[in-house]
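Q: Pasting the sequence and the predicted coordinates here, then a few questions.
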Amino acid sequence: MLKPRSTATRELVNLDGLWRFATATAVGERPWAGPLDTPLEAAVPASYNDLFTDSAIRDHVGWVWYQRLVRVPRGWSEERVILRVDGATHQGQVYVDDSLVAEHVGGYTPFEADITQYVSAGQEFRLTIGVNNELTNTTIPPGRITVTQDGRRKQTYLHDFYNYAGLARSVWLYSVPSVHIEDISIVTGLDGTSGTVEYEVETSAPATVRVRVLDSSGAEVAASEGTSGSVRLEDVTLWQPGAAYLYELVAEIVDGDGETVGDTYAQPFGVRTVEVRGMQFLINGEPFYFTGFGKHEDTAVRGKGHDDAYLVHDFQLMEWTGANSFRTSHYPYAEEVMDFADRHGIVVIDETAAVGLNLAVEAGLTGAPQRPTFSPDTFNDETRAAHAQAIRELITRDKNHPSVVMWCIANEPSSNEEGAREYFEPLVELTRKLDPTRPVTYAAVMFATSDNDRIAELFDVLCINRYYGWYIATGDLATAETYMEGDLRGWAEKFGKPLIMSEYGADTMPGLHSVWDQPWTEEYQAAYLAASHRAFDRIEAVVGEHVWNFADFQTSHGIHRVDGNKKGVFTRDRRPKAAAHSLRQRWRELGGRKPSGEGS
C-alpha cells in the first residue's frame, strides 16, 4: 500500500484537526446517520483517553465516534477519490454520510476506501469514523473483557503499556487518475560497485509502465519499461547507518509514444544489503553492532498520537546518545517515523503488535492458576490468523524502507510452552515468503531459556529480553552480571546465532540519588547498565544492545507502577537521567562496532 503523496497526478488533503467526538454510550445506535449529538471535540491525530477530564471516557471500553464535514476539491470531478485512515486503534469503521465504506481490524496499520461513488467534486459529505479499543483472545495484541459487579465493562491486557485508543494518526483524502499505480515493490542488491534494483509495479488496470531512477539531485541514472524488471546503478551510493542516501524510483503510466497519460508516483528507496553470517549481522557486507532503544509512541496528553515535534526531538536525543537503531516496540510506528529513519540513517527492527501472547505472565501478576497459552480456548487458530494478517500488513506497508533491516513478529511470547512451535512455524514461513530479503526475529521472555525455548531455531537472529539486577537479583549487580553472562552463553553455544539484547533496564525515579547500589536511583540505573554491558562485551554472539526504555511511558494501573513505567533513560518529557550520559559515552565510542572484550 502506497503512502499518500502529492504528485503531478495526485492531490492530497489532510483531514487532521478537531473532530466531533462521543463514546457509544453517549449517542444513539446509528451515530453516523446524522450530525453527531455531542458537545465534545477531539484532536486528530491523538489518543482520546487523556484529552478529557471524565474518567468514564478515559476508561471507556468499546466504540467511540469521530465526525466532521469534508469538502471534495472541485477539480476532482474526473478523478478517483480515496479516503485513508493511517491507524484506528484497534478496529475501525468508516461511514460516508449513511454508507459504510470501510472496516478494518488492527490498530497500527493503515486502511483506505475508494469513495468516488459516494461523493461529488465541490460538495461536502459527512465523514464518521468509529473506533473500537476492545482486545480479546483473537486480537493482536490480545486481551480480555470482563464485567464488574456494577455492570461496567473492564478491559485487561497482558502488555505493560497503556491501551491508548482512537485516531492516533492522520486521516487523508486524496485523488488518483482512473488508471493508477496501486503498489510498488523494490529489492536492492550489490554487485561490486554497482547497485541492482529489482522492481514490481501494480496498477489498477492493465497499463504500460515506465520506470526511471533519480539520484538525490534529481538526475536520472537508470530507466526501464514494464511493470516488473531490474535496473543497474553504476558507482552506486549506498544507504548506510548514519549516512543515509536515497534514490527515487519514479513509476509512470505512459502511452505507446512514451508520453505520460496516467498516474505517476515517486517511491524513495536506498540501496543496501542485509545478511546474517554465522554470529554476525552484516549491513552492506560489514559487521553492524546495534546501539539504541526499545521505544514507545507515548507522550503526555496525546497518548500515542503522532507528533512531528516529538519525532524530531526524539531522533535528536538518539543521535546525542550515539544510538544508531531502535525497535518499534511493540507495534508498527507511524509511517512518518519510518520515513524519517530512512532519511537520517537510523536502523530499525520493525515489530508487529503481537505482544502479550503469554499467559504465564498473567498467572505471575495475578496469582491465578496458569492457563495454557496456546489452546483452543486461549490463543488459537483464529488468533494466529489475525497475527498472520498483522504480518502481511506490516510488510506491505514497510517493505521499501531501507532503514528496516529485520522483522520482529512477536514480543515475549510463551515460546517455552507446548504449542508454541505449532503456532509460530507457519508465521515464520509466511514472513519469509512475503520478504525473503530480511532476517526474522522475535524477542524472548525471561521464562524462555536456551534449554526450554521451542522456537529459537526457526529464526535468524535471537532478541533476548532480560532484567537481571531488576526483577531477578534486585540490587545485587555482581550476581546479575554473572546471571546475564551465563544466560547469553547458553543461547550462543546452543544456537550459534547473533544475539541482540532487545530489552534490559531498571526503573528509575528522576532526582533520586544514593551513594550505594540502591534500586530506583539514577546511580543504580547507570551501574545496572554498566554491569550488563560488561557481560555483553564478553559474548561474541552479542551484536547489539537496546536499552528498555528510551523514555518513561504510561501503563495501566498497578501497585508495581507509579505513574507508568520509569525505565526510561529520559523522562516522559524527554529530560535525561544520569544513565543517558553514561550511554552517550559508551555508544559514541563504539560507533556501531562490536566492543572490544573477551568475546570480540
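A: Perfect, I can see it now.

Q: Tell me who's in contact with residue 292.
A: 318, 323, 324, 325, 326, 327, 347, 544, 545, 546, 547 (CB atoms under 8 Å, 6 or more residues apart in numbering). To be clear about C-beta, it is placed using only N, CA and C from the backbone, and glycine gets the same treatment.

Q: Select from those residues every entry located in strands.
A: Judged by DSSP state E, the contacts of residue 292 include 325, 326, 327, 347, 544, 545, 546, 547 as members of strands.

Q: out of those residues, which is most surrounded?
A: Within the ones in strands among the contacts of residue 292, most neighbours by other CB atoms under 10 Å means residue 547, with 30 neighbours.

Q: From residue 132, how far out is that residue?
A: Counting by CB to CB, to the nearest Å, the gap from residue 547 to residue 132 is 34 Å.

Q: Tell me the secondary structure at residue 517.
A: Under DSSP: H, G, I helix; E, B strand; the rest coil, residue 517 falls in the coil class.

Q: Report how many residues lie close to it.
A: Number of residues near residue 517 (other CB under 10 Å) recorded here: 16.

Q: By mean pLDDT, which helix or strand of this protein comes out lowest?
A: Scoring the helices and strands of the chain by mean pLDDT, DSSP states H and E places helix 359-366 at the bottom, with a mean of 76.

Q: Check which residues of that helix are buried.
A: Residues 359, 360, 361, 362 are the ones in helix 359-366 that count as buried (16 or more other CB atoms under 10 Å).

Q: residues in contact with the second one?
A: This points to residue 360. Residue 360 neighbours (CB under 8 Å, 6+ apart): 370, 373, 414, 417, 445, 447.

Q: how many other residues sit next to residue 591?
A: Residue 591 is flanked by 12 other residues according to other CB under 10 Å.

Q: Could you tell me the phi and psi values at it?
A: phi 60, psi 40 (degrees, to the nearest 10).

Q: how close does the nearest residue to it once chain neighbours are set aside get to residue 280?
A: Spatial nearest neighbour of residue 591, excluding adjacent residues (CB to CB, 6 or more residues apart in numbering): residue 322 at 7.5 Å. Using CB to CB, we find residue 322 at a distance of 21 Å from residue 280.

Q: repeat for residue 390
A: With CB to CB as the criterion, residue 390 and residue 280 are 29 Å apart.

Q: More neighbours: which of the two?
A: Ranked by neighbour count (other CB under 10 Å), residue 390 and residue 280 place residue 390 first, with 26 against 16.

Q: right, and the secondary structure at that one would be what?
A: Judged by three-state DSSP, the three-state class of residue 390 is helix.

Q: unless I'm mixing things up, it is touching residue 354, no?
A: Yes - between residue 390 and residue 354 there is a contact at 6.5 Å, judged by CB atoms under 8 Å.

Q: what touches both of the two?
A: Common neighbours of residue 390 and residue 354 are listed as residue 140 (criterion: CB under 8 Å, 6+ apart).

Q: What about residue 229, how many residues nearby?
A: Counted with other CB under 10 Å, the neighbours of residue 229 add up to 14.

Q: And the helix or strand encompassing it, what does it pack against?
A: Residue 229 belongs to strand 228-233 when assigned by DSSP states H and E. Counting contacts by 3 or more CB pairs under 8 Å, 6 or more residues apart in numbering; DSSP states H and E, strand 228-233 packs against strand 194-203, strand 208-214, strand 220-225.

Q: will you turn those strands into a markdown table that also has mean neighbour count, mean pLDDT and distance to residue 287?
A: Listed next are the helices and strands packed on strand 228-233 as a markdown table, based on neighbours: other CB atoms under 10 Å; pLDDT from 0 to 100; distance: least, CB to CB, whole Å:
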| stretch | mean neighbour count | mean pLDDT | distance to residue 287 |
| --- | --- | --- | --- |
| strand 194-203 | 18 | 97 | 21 |
| strand 208-214 | 19 | 96 | 29 |
| strand 220-225 | 14 | 96 | 29 |
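
Q: got those as JSON lines, with distance to residue 119 columns?
A: Below are the helices and strands packed on strand 228-233 laid out as JSON lines (distance: least, CB to CB, whole Å):
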{"stretch": "strand 194-203", "distance to residue 119": "23"}
{"stretch": "strand 208-214", "distance to residue 119": "29"}
{"stretch": "strand 220-225", "distance to residue 119": "35"}
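
Q: The residue nearest to residue 368 when sequence neighbours are not counted and residue 380: what is the separation?
A: Spatial nearest neighbour of residue 368, excluding adjacent residues (CB to CB, 6+ apart): residue 362 at 7.0 Å. To residue 380, residue 362 is 16 Å away according to CB to CB.

Q: can you pull out the strands in the stretch 401-550 of the chain?
A: Remark: strands assigned in the stretch 401-550 of the chain by DSSP state E, counting those that start in this stretch are 404-411, 440-444, 462-465, 499-503, 542-548.

Q: So which of those strands is nearest residue 83?
A: If you check each of the strands of the stretch 401-550 of the chain against residue 83 by CB to CB, strand 404-411 wins as the nearest, at 26.7 Å.

Q: which helices and strands does that closest one pack with?
A: Using 3+ CB pairs under 8 Å, 6+ apart, strand 404-411 sits against strand 347-351, helix 381-398, helix 420-434, strand 440-444.

Q: so how far is the helix or strand harbouring residue 129 off the chain centroid?
A: Per DSSP H and E: residue 129 is located in strand 124-132. Centre-to-centre, strand 124-132 and its host chain are 25 Å apart (CA atoms, centre = their mean, to the nearest Å).

Q: again, but for stretch 496-507
A: Offset of stretch 496-507 from its chain centre (CA atoms, centre = their mean): 18 Å.

Q: Over to stretch 349-356?
A: Relative to its chain's centre, stretch 349-356 lies at 7 Å (CA atoms, centre = their mean).

Q: Could you do stretch 495-514 as well?
A: The chain centre lies 20 Å from the centre of stretch 495-514; the measure is CA atoms, centre = their mean.

Q: next one: stretch 533-547
A: Centroid separation for stretch 533-547 versus its chain: 24 Å, with CA atoms, centre = their mean.

Q: if we can go back for a sec, in a markdown table, list the helices and strands packed on strand 404-411 along with distance to residue 273 and mean pLDDT.
A: Formatted as a markdown table, the helices and strands packed on strand 404-411 follow (distance: least, CB to CB, whole Å; pLDDT from 0 to 100):
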| stretch | distance to residue 273 | mean pLDDT |
| --- | --- | --- |
| strand 347-351 | 13 | 98 |
| helix 381-398 | 17 | 97 |
| helix 420-434 | 17 | 98 |
| strand 440-444 | 16 | 97 |
